[in-house]
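*Asks:* please work out how this folds:
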Amino acid sequence: MNKYGKIVEHEWLRSADIRREIELDINVIMPNHFHAIFHIIDSLSACDPLNTSKPVGAYGHTPLQQPFTQQLHSPSRSVGALVRGFKSAVTKHINILRHTPSDPVWQRNYYEHILSGDREYNQIADYIYTNPINWITDAENAQEK
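*Replies:* Numbering: from 1, shown residues only. I've put the predicted structure just below:
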C-alpha cells in the first residue's frame, strides 16, 4: 500500500471513533477506489437513555444538481455525512502531502447499498475480499491497457 492508501486506511479507521453510530466491518483499498461494509448501530440507547438525540438514517438522496440558490445538504449522522466527512479528510491530507491544495481525489458521488440479509452480506463481502485478486483483469486497471 502506498502513502495515499495509508491515509485512506487511517481516516477510515478514525471514522468509527468520530461517529459512534457506526461499526466498521470489512474494507479494501484498491489503487483507484475503496470498498467497505459498515453497520449503523443504535449507540444512542447506551449514551442517551432518554433517546433525545436524532436517529441515525440511511439518507441516500442528495441530488447531483440543485438550483443555485439551494445548498446541497444531507443530515448529520447519515450515510452521506459519513462518506462526505471521510472523503473530505482523505482529500485534505493527500493534498497536503502532494502540495496540491485544491485537486480532487475522489469522484463526485459514491455507491451505497443497504444489505438485506446474510446471503447478500456474504456475496458483497466475498466481492470485497476478492477485489484485489481480480484487479489484474479489471477494466479500470490502467497498467493493463
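
*Asks:* excluding its backbone neighbours, what's nearest the residue most central in space within the chain?
*Replies:* Centroid-nearest residue in the chain: V83, 4.2 Å away (criterion: Cα atoms, centre = their mean). Using Cβ to Cβ, 6 or more residues apart in numbering and skipping the chain neighbours, the partner closest in space to V83 is Y110 (5.2 Å). C-beta: built from backbone N, CA, C; applies to glycine.

*Asks:* G117 versus the one you found, what's the distance?
*Replies:* 23 Å (Cβ to Cβ, to the nearest Å).

*Asks:* after the worst-scoring helix or strand of the chain on mean pLDDT comes which helix or strand?
*Replies:* Every helix and strand of the chain was ranked by mean pLDDT, DSSP states H and E. The lowest is helix 44-47, at a mean of 51. Using DSSP states H and E, the next helix or strand after helix 44-47 towards the C-terminus is helix 79-98.

*Asks:* which other residues reach the helix or strand following that following helix?
*Replies:* On the C-terminal side of helix 79-98, the nearest following helix or strand under DSSP H and E is helix 118-134. Outside of helix 118-134, the residues within contact range by Cβ atoms under 8 Å, 6 or more residues apart in numbering are D25, I26, N27, V28, M30, H35, A36, I37, H113, L115.

*Asks:* can you pull the contacts of I7?
*Replies:* Listed by Cβ under 8 Å, 6+ apart, the contact set of I7 reads V90, H93, I94, L97.

*Asks:* how deep is the nearest residue to D103 once chain neighbours are set aside tucked in, by neighbour count?
*Replies:* The spatial neighbour of D103 that comes closest, neighbours along the chain excluded (Cβ to Cβ, 6+ apart), is N95 at 5.8 Å. Here the neighbour count serves as a burial measure; for N95 (other Cβ atoms under 10 Å) it reads 15.

*Asks:* so, low pLDDT: which residues of this protein?
*Replies:* For the chain, residues meeting the criterion pLDDT under 70 lie at 43-76, 143-145.
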